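Novice: show me the folded form of this:
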Amino acid sequence: RPPVCIITRDSEVDLLSVPPRDSYWVINGLLLSEMTDTARGMILNFIHLIDRYGFIPNGARVYYERRSQPPFLSLMVESYYQTTNDKDFLRTALPALEKEYLFWMQNRSVAVEVNGIKHVLNRFDVQVGLPRPESYSDDVELAEGLTQDAAERLWKELHSGAESGWDFSSRWFVDGLGNNNGSLRDTRTTLLIPTDLNALLCRNERTLAHFYRTLGNEPEATRYDKAASARQEAIEAVLWDEEMGVWLDYSLVTNTSHPAFYPTNLAPIWAGCYSQPSMGQKAVHYLQ
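Specialist: Numbering: from 1, shown residues only. I've put the predicted structure just below:
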């Protein structure tokens with residue numbers, strides 16, 4: 001299916017399918033194909049959604065109003081600006097980028113204490129204790145035999161798993177002992193701090209710092225520089241596993257890392273969110 005379908009009616013835009021993570025790669029392809037107007041239009045559609053809802057929903061349907069996806073809009077604008085050098089568009093987009101970032105910090109953050117130091121990181125966390133409308137019968141069937149409270153907890157976790165874009169994966173399984181085992185019924189997305197989400201937000205913070213500096217707003221640029229530095233410290237304190245030489249998802253149940261391999265274990269390298277070159281070298285060795 002195409003990643004985005006647009007219908008215009010009386011100046012209102014109805015986006016039938018707007019997966020923001022997918023659209024980031026589509027926009028990069030459009031820019032490489034010199035289709036800058038189309039890329040700009042897609043970004044403006046996302047800005048419209050943020051202006052209306054305060055974040056980019058998982059899709060432009062009523063039942064997605066409380067579920068997002070990993071925040072890629074800042075990186076879409078970065079790709080567009082690198083191609084066009086359009087400062088006016090950057091200035092237009094920046095308030096929406098700020099609003100999206102604040103959504104994640106105000107609604108999806110969690111404090112973790114390691115070695116007596118508190119760190120703030122982010123997770124996927126959709127508090128909707130109902131079956132997903134797009135998979136209603138599947139969710140009802142999965143919850144058969146559970147108490148009402150247990151079913152509602154499971155549905156919240158399924159919504160959160162869908163928000164992650166990894167729907168679904170054993171990555172989100174947490175059994176009764178807190179281990180990374182089980183079945184789809186053991187989905188506990190909200191109880192894990194994901195490496196990829198925090199690497200992405202670190203890159204968002206550095207991108208926003210660059211945007212503000214480009215537009216001559218040094219105080220805001222410095223604020224985001226500090227946010228990125230604090231997140232990098234948190235990622236290294238909470239998610240980096242020195243023995244394995246890689247970053248790992250962190251369990252809020254056991255306060256330990258989940259040692260399983262997922263490609264997201266390397267997300268901080270993609271985001272450039274690590275302090276020591278030796279970390280990258282150790283991660284390569286981990287793959288070998």
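
Novice: what's the neighbour count on Ser164?
Specialist: 24 (other C-beta atoms under 10 Å). Heads up, the C-betas are built off the backbone N, CA and C, glycines and all.

Novice: residue contacts, it?
Specialist: Counting by C-beta atoms under 8 Å, 6 or more residues apart in numbering, Ser164 touches Gln69, Pro70, Phe124, Trp172, Thr189, Pro194, Leu197.

Novice: hang on, the first one packs against Arg21?
Specialist: Right, Gln69. Yes - assessed by C-beta atoms under 8 Å, Gln69 is found in contact with Arg21 at 5.4 Å.

Novice: compare neighbour counts for these two and give me the winner.
Specialist: Applying other C-beta under 10 Å to Gln69 and Arg21 shows that Gln69 carries more neighbours, namely 22 against 17.

Novice: mutual contacts of Gln69 and Arg21, please.
Specialist: Between them, Gln69 and Arg21 share these contacting residues under C-beta under 8 Å, 6+ apart: Gly165.

Novice: this protein: strands as residue ranges?
Specialist: Counting by DSSP state E, one finds strands in the chain at the ranges 6-9, 12-15, 109-114, 117-122, 192-193, 240-241, 246-247, 250-251, 256-257.

Novice: what sits up against the fourth one?
Specialist: When contacts are taken as C-beta under 8 Å, 6+ apart, the neighbours of strand 117-122 outside the stretch itself are 104-105, 108-113, 193, 197-198, 201, 230-231, 233-235, 237-239, 250.

Novice: now the angle from that strand to strand 109-114?
Specialist: 150 degrees (axes from the mean of the first three to the mean of the last three C-alpha atoms, to 10 degrees).

Novice: worst-scoring helix or strand of the protein, pLDDT-wise?
Specialist: Every helix and strand in the chain was compared by mean pLDDT, DSSP states H and E; the lowest is strand 6-9, with a mean of 35.

Novice: would JSON lines of the contacts of Ser164 with pLDDT and distance to Pro133 be doable?
Specialist: Formatted as JSON lines, these follow (pLDDT from 0 to 100; distance: C-beta to C-beta, whole Å):
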{"residue": "Gln69", "pLDDT": "95", "distance to Pro133": "16"}
{"residue": "Pro70", "pLDDT": "97", "distance to Pro133": "21"}
{"residue": "Phe124", "pLDDT": "99", "distance to Pro133": "18"}
{"residue": "Trp172", "pLDDT": "98", "distance to Pro133": "20"}
{"residue": "Thr189", "pLDDT": "98", "distance to Pro133": "18"}
{"residue": "Pro194", "pLDDT": "99", "distance to Pro133": "24"}
{"residue": "Leu197", "pLDDT": "99", "distance to Pro133": "24"}
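
Novice: which of these fall within helices?
Specialist: Taking DSSP state H as the definition of helices, the contacts of Ser164 contribute Leu197.

Novice: can you redo the contacts of Ser164 as a markdown table with distance to Ser160?
Specialist: A markdown table is the format used below for the contacts of Ser164 (distance: C-beta to C-beta, whole Å):
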| residue | distance to Ser160 |
| --- | --- |
| Gln69 | 11 |
| Pro70 | 12 |
| Phe124 | 4 |
| Trp172 | 8 |
| Thr189 | 4 |
| Pro194 | 10 |
| Leu197 | 11 |
